[in-house]
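*Asks:* predicted model follows, preceded by the sequence.
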Amino acid sequence: MSGLGPDLAWVDAALTSARPQALAALLRYFRDLDTAEEAYQDACLRALRTWPHNGPPRDPTAWLVLVGRNVAIDATRRQRRQDPLPDHDIAADGDAEADMAERLDEQHYRDDVLRLLFICCHPDLPATQQIALALRIVSGLTVQQIARAFLVSESAMEQRITRAKSRIAKADVAFETPGAVERAERLAAVAAMIYLVFNEGYSASGEGAAMRLPLADEAIRLARLLLRLFPAEPDIMGLTALLLLQHARTPARFDADGAIVLLEDQDRAAWNQAMITEGLALIDKAMRHRRRGPYQVQAAIAALHARAATPHDTDWRQIDLLYATLEELTPSPVVTLNRAVAVAKLRGPQAALAMIEPLAKPLAGYFHFFGLKGGLLKQLGHNEEARVAFDRAIALANTAAEAAHIRQHLDQLEKEATAKI
Amino acid sequence: MLYAFLCYNDEAAVCAWSKDEEAAVMAQLGAVTDKLAKEGRLGPVARLVPTTAATTLRKDRDPPLVIDGPFAETKEQLLGFFVIDCSSLEHALETAKELGRANPGGSYEIRPLLQFWPGSAGA
């Protein structure tokens, strides 16, 4: 939307903020995504016509749900009877009608929004489609905005979203209020999808990075939305904290030329302090529940980095323990690889090398494995072996920035070699 | 007399501000608070972390109950406050309108302070 001019920016903001709940309630009512979206669009058009004159309704979400529902019902009736109804039967121009609407209590909204998010993470959909769908449906980004973030053409993105929608239209989604177990499963799936959205934005580098960064902001918005609806879920607190603490470092992650700046070389004064404050508050809250989960552990690790005034102050012992917990919760070679970084700081490069040795096979095609291996070998003065690892890393680099970073190491080795001669 | 200006707004809408919007609002507010500071009328100002980071202690029972989330679930949330010296309610309302022009949307609840300890933390 936007483009409304400064005086009407509040209409835009109110519509954006009401979107997930209003659309989710309409979906429960119509049980069909296309109908719900059309109803919501119609309600927005009416809001743009009436709100600037009448001021904001007391409950914008309820207003949009009621109007959207009435417009859609009327459209169906008209189709059936070919008999137009007078306009005043449809429209709700103020608070009075919204007050008469079925009271949509928070309980309902909660499961509605969760369902809307859950639909987007249907297991049949590949990750990229899940993300595109969530951004289009829940966040309400335009196809053009999403296409730009994914660096694809608008028509390609349009196709991708249409395909994803037709797939979920065939899927069976329960519209009854979910039970405790089902709710927990949905929450976990949605949390994973939000993390995907975040990484899509956060892990980008190079030319497209600035274009994709809004995805990270959007993911934080979705995580906050989920947390507002489920305020006592430690995993959702952990997820939100994790996203905030990682995103806080964004201003320091690349230098002016777009080259990667490692955590220990980053200008910590450039980290976003507001995000760190919020992230630390959330991880503190989550820990009180004593129900550990992978997002919480990762957020706790990010929190230790955020709390260290200088790289030297980093509590590597605690980070090592947290990675050990993470290995227990979600065993994976990548987690062990990350733990090895802490081990290198604590017990030296030799111990870390021994730790990643068994990972050579599972991570044979993983850029970061060879990046770390090369770094450790270089620290030990095994320059020739380091060069081999770095060469492999460059071959596996996912972005130009990653390759350039490894190139620096190789250049250093080169310099040392010539200096010796 | 000192007045508290409690800032209420839809947190989701405020959190949805883009970086530029955020910077623009803060710059406009800064112009007003700078003026108030020059007049010697500006007391403490605070902006709160979103209510998702809030924890509530119900102390009407023993042991007290700790609840995740804000004290009240409201459509507009308490997002921060100003303490400003004003000569009268009229004066306070004028000041509030000025702040409101710098940052439209939401409401200010204006309440005179009964007691005030400037404190020493933070600084």
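*Replies:* Yep, that arrived.
*Asks:* residues from the stretch 151-300 of chain A in reach of chain B?
*Replies:* Residues of the stretch 151-300 of chain A lying close to chain B by C-beta under 8 Å from any C-beta of the partner chain are A:221, A:224-225, A:227-228, A:231-232, A:237, A:240, A:274, A:277-278, A:281-282, A:285, A:288. No exception for glycine: its C-beta is placed from N, CA and C like everyone else's.
*Asks:* and those residues, which are buried?
*Replies:* Neighbour counting with 16 or more other C-beta atoms under 10 Å in any protein chain shown marks A:221, A:224-225, A:227-228, A:231, A:237, A:240, A:278, A:281-282, A:285 as buried within these.
*Asks:* please pull out the lowest mean pLDDT helix or strand from chain B.
*Replies:* helix B:11-15 (a mean of 84; mean pLDDT, DSSP states H and E).
*Asks:* all helices in the stretch 1-150 of chain A, in order from the N-terminus.
*Replies:* A:9-30, A:33-54, A:60-81, A:95-100, A:106-120, A:127-137, A:143-150 (DSSP state H, counting those that start in this stretch).
*Asks:* roughly how far does residue A:145 sit from residue A:157?
*Replies:* To residue A:157, residue A:145 is 9 Å away according to C-beta to C-beta, to the nearest Å.
*Asks:* give me the more crowded residue out of the two.
*Replies:* Between residue A:145 and residue A:157, counting by other C-beta atoms under 10 Å in any protein chain shown, residue A:157 is the more crowded of the two (22 against 19).
*Asks:* can I assume the more buried one sits in a strand?
*Replies:* No: Residue A:157: not assigned to a strand; according to DSSP: H, G, I helix; E, B strand; the rest coil it is helix.
*Asks:* show me the contacts for it.
*Replies:* By C-beta atoms under 8 Å, 6 or more residues apart in numbering or on different chains, residue A:157 lies in contact with A:132, A:143, A:146-147, A:150.
*Asks:* kindly report the same for residue A:408.
*Replies:* By C-beta under 8 Å, 6+ apart, the contact set of residue A:408 is residue A:259.
*Asks:* same check on residue A:221?
*Replies:* The contact partners of residue A:221, by C-beta under 8 Å, 6+ apart, come to A:139, B:15-16.
*Asks:* how about 10 Å then?
*Replies:* Taking C-beta atoms under 10 Å, 6 or more residues apart in numbering or on different chains as the criterion, residue A:221 is in contact with A:16-17, A:20, A:138-139, A:194, A:197, A:243, B:12, B:15-16.
*Asks:* going by contacts, tell me the helices and strands next to the helix or strand following the least confident helix or strand of chain B.
*Replies:* Going down the chain from helix B:11-15, the next helix or strand is helix B:19-38, by DSSP states H and E. On a contact count with 3 or more C-beta pairs under 10 Å, 6 or more residues apart in numbering or on different chains; DSSP states H and E, helix B:19-38 meets helix A:209-229, helix B:11-15, strand B:42-47, strand B:77-85, helix B:89-102.
*Asks:* which positions in helix B:19-38 come out as buried?
*Replies:* By neighbour count on 16+ other C-beta under 10 Å, the buried set for helix B:19-38 is B:25, B:29, B:32-33, B:36.
*Asks:* quick check: buried residues in the strand or helix carrying residue A:372?
*Replies:* Taking DSSP H and E as the criterion, residue A:372 maps to helix A:367-379. For helix A:367-379, burial by neighbour count (16+ other C-beta under 10 Å) applies to A:367-378.
*Asks:* intersect those with the contacts of chain B.
*Replies:* Taking C-beta under 10 Å from any C-beta of the partner chain, there is no overlap between these and the neighbourhood of chain B.
*Asks:* by contact count, what packs against the least confident helix or strand of chain B?
*Replies:* helix A:9-30, helix A:209-229, helix B:19-38, strand B:77-85.
*Asks:* so for residue B:51, which of those sits nearest?
*Replies:* Comparison of those against residue B:51 by C-beta to C-beta identifies strand B:77-85 as nearest, at 5.0 Å.
*Asks:* re earlier: could you dump the buried residues of helix B:19-38 into a markdown table with distance to residue A:294 and pLDDT added?
*Replies:* Formatted as a markdown table, the buried residues of helix B:19-38 follow (distance: C-beta to C-beta, whole Å; pLDDT from 0 to 100):
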| residue | distance to residue A:294 | pLDDT |
| --- | --- | --- |
| B:25 | 36 | 92 |
| B:29 | 40 | 96 |
| B:32 | 45 | 97 |
| B:33 | 43 | 97 |
| B:36 | 47 | 97 |
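*Asks:* which of the residues you listed sits closest to chain A?
*Replies:* Taking C-beta to the nearest C-beta as the measure, chain A lies nearest residue B:25 of the buried residues of helix B:19-38, at 10.4 Å.
*Asks:* is it true that that closest one touches residue B:102?
*Replies:* Yes: between residue B:25 and residue B:102 there is a contact at 7.2 Å, judged by C-beta atoms under 10 Å.
*Asks:* just the buried ones among the contacts of residue A:221, please.
*Replies:* Buried among the contacts of residue A:221 by 16+ other C-beta under 10 Å: A:16-17, A:20, A:138-139, A:194, A:197, A:243, B:12, B:15-16.
*Asks:* which one of those is nearest residue B:86?
*Replies:* Each of the buried ones among the contacts of residue A:221 was checked against residue B:86 using C-beta to C-beta; the closest is residue B:15, at 29.9 Å.
*Asks:* so what's the most centrally placed residue in chain B up against?
*Replies:* The centre of chain B sits closest to residue B:81, judged by C-alpha atoms, centre = their mean, with a distance of 1.9 Å. Taking C-beta under 10 Å, 6+ apart, we find residue B:81 in contact with B:4-7, B:43-48, B:108-109, B:111.
*Asks:* most surrounded residue in those residues?
*Replies:* residue B:7 (24 neighbours).
*Asks:* redo the helices and strands packed on helix B:19-38 as CSV? Include distance to residue A:10.
*Replies:* Compiled in CSV, the helices and strands packed on helix B:19-38 are given as follows (distance: least, C-beta to C-beta, whole Å):
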stretch, distance to residue A:10
helix A:209-229, 18
helix B:11-15, 8
strand B:42-47, 20
strand B:77-85, 15
helix B:89-102, 12
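*Asks:* for the residue nearest to residue A:63 when sequence neighbours are not counted, phi and psi?
*Replies:* Closest residue in space to residue A:63, ignoring its immediate chain neighbours: residue A:57 at 4.1 Å, by C-beta to C-beta, 6 or more residues apart in numbering or on different chains. Main-chain torsions, residue A:57, degrees, to the nearest 10: phi -70, psi 160.
*Asks:* hang on, residue A:57 packs against residue A:51?
*Replies:* Yes: counting by C-beta under 10 Å, residue A:57 does reach residue A:51; the two are 7.3 Å apart.
*Asks:* who's more crowded, those two?
*Replies:* Higher neighbour count among residue A:57 and residue A:51: residue A:57, with 25 against 20, using other C-beta under 10 Å.
*Asks:* so residue A:312 sits in a helix?
*Replies:* Yes: counting by three-state DSSP, residue A:312 is part of a helix.
*Asks:* identify the residues contacting it.
*Replies:* Here residue A:312 is in contact with residue A:264 (criterion: C-beta under 10 Å, 6+ apart).
*Asks:* and the closest residue to residue A:11 other than its chain neighbours, what is it in contact with?
*Replies:* Closest residue to residue A:11 apart from its sequence neighbours, by C-beta to C-beta, 6+ apart: residue A:51 at 5.2 Å. The contact partners of residue A:51, by C-beta under 10 Å, 6+ apart, come to A:8, A:10-11, A:14-15, A:44, A:57, A:60, A:63, A:93.
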